[in-house]
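Asker: sequence unavailable; structure follows:
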């Protein structure tokens with residue numbers, strides 16, 4: 001670990017345990033049952049975090065699935081484009097949730113929301129772009145992601161950064177709070193502050 005202006009630079013694998021999901025297919029969905037998340041829904045149906053799933057499976061299917069626990073991060077590892085690969089959702093529900101193949105469960109003792117904001121940052125995106133494989137179907141694997149460098153401040157500072165970014169996220173997501181031009185401005189402010197708050201040195205990636 002290398003200290004950088006009150007932060008440490010660590011490999012993702014040293015602060016996150018990555019476990020691949022399994023088995024779940026869209027044909028397994030039922031109207032009512034046990035909560036599940038399919039990897040394709042992470043970049044099409046979910047936002048930054050969720051407390052409820054939009055899909056469910058029968059017990060026989062659910063029992064065979066690998067599970068994510070509350071405060072885990074669920075990341076899509078396959079898509080048709082580079083941008084969606086690595087998109088993640090923080091599971092903030094009260095129960096375990098089944099996850100599909102082509103998704104990873106990330107378990108961390110760090111602030112899960114901070115980690116997911118970092119996954120959206122240019123620092124993470126640049127590393128991801130260098131490691132994705134495929135053309136029509138884009139993938140990234142856990143072995144490569146475990147080597148990605150993450151910049152971590154203290155847990156106290158992580159919480160402070162999350163509170164600021166959550167506020168901007170709320171403002172940019174709530175279209176009832178402003179006109180389109182104002183929303184566009186807030187979105188730009190949010191992106192600026194996200195990158196600024198997640199940059200702890202002046203090194204180039």
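Answerer: Perfect, thanks for sending it. Quick caveat: nothing in here was measured; it's all calculated off a predicted structure.
Asker: which residue packs closest to the one residue sitting closest to the centre of the chain, ignoring adjacent ones?
Answerer: In the chain, the centroid-proximal residue (C-alpha atoms, centre = their mean) is residue 88; its distance is 2.4 Å. Leaving aside its chain neighbours, residue 88 sits nearest to residue 75 (3.9 Å; criterion: C-beta to C-beta, 6 or more residues apart in numbering). Quick note: C-beta positions are derived from backbone N, CA and C, even for glycine.
Asker: helix, strand, or coil at the one you found?
Answerer: Following DSSP: H, G, I helix; E, B strand; the rest coil, residue 75 is assigned to strand.
Asker: who's in contact with it?
Answerer: Taking C-beta atoms under 8 Å, 6 or more residues apart in numbering, we find residue 75 in contact with 42, 86-88, 103-104, 106, 119.
Asker: who does it bridge with?
Answerer: Taking DSSP bridges as the rule, residue 75 bridges to residue 88, residue 104.
Asker: now it: how far from residue 117?
Answerer: Distance of residue 75 to residue 117, computed by C-beta to C-beta, to the nearest Å: 13 Å.
Asker: likewise residue 101?
Answerer: Going from residue 101 to residue 117 by C-beta to C-beta gives 26 Å.
Asker: so the two - more neighbours on which side?
Answerer: residue 117 (23 against 17; other C-beta atoms under 10 Å).
Asker: which is the next helix or strand following the helix or strand hosting that one?
Answerer: Using DSSP states H and E, residue 117 falls within helix 112-120. Next helix or strand after helix 112-120 toward the C-terminus (DSSP H and E): helix 122-131.
Asker: show me what that next one is packed against.
Answerer: helix 142-145, strand 149-152 (3 or more C-beta pairs under 8 Å, 6 or more residues apart in numbering; DSSP states H and E).
Asker: and residue 97, which of these is closest to it?
Answerer: When these are compared by C-beta to C-beta, helix 142-145 sits nearest residue 97, at 19.3 Å.
Asker: average model confidence for the closest one?
Answerer: Model confidence over helix 142-145, given as mean pLDDT, is 95.
Asker: go on, stretch 60-70?
Answerer: Over the span of stretch 60-70, the pLDDT mean works out to 97.
Asker: same list (the contacts of residue 75) but as JSON lines, adding distance to residue 13 and pLDDT.
Answerer: Converted to JSON lines, the contacts of residue 75 look like this (distance: C-beta to C-beta, whole Å; pLDDT from 0 to 100):
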{"residue": "42", "distance to residue 13": "21", "pLDDT": "97"}
{"residue": "86", "distance to residue 13": "15", "pLDDT": "95"}
{"residue": "87", "distance to residue 13": "19", "pLDDT": "97"}
{"residue": "88", "distance to residue 13": "16", "pLDDT": "98"}
{"residue": "103", "distance to residue 13": "17", "pLDDT": "97"}
{"residue": "104", "distance to residue 13": "12", "pLDDT": "97"}
{"residue": "106", "distance to residue 13": "10", "pLDDT": "98"}
{"residue": "119", "distance to residue 13": "14", "pLDDT": "96"}
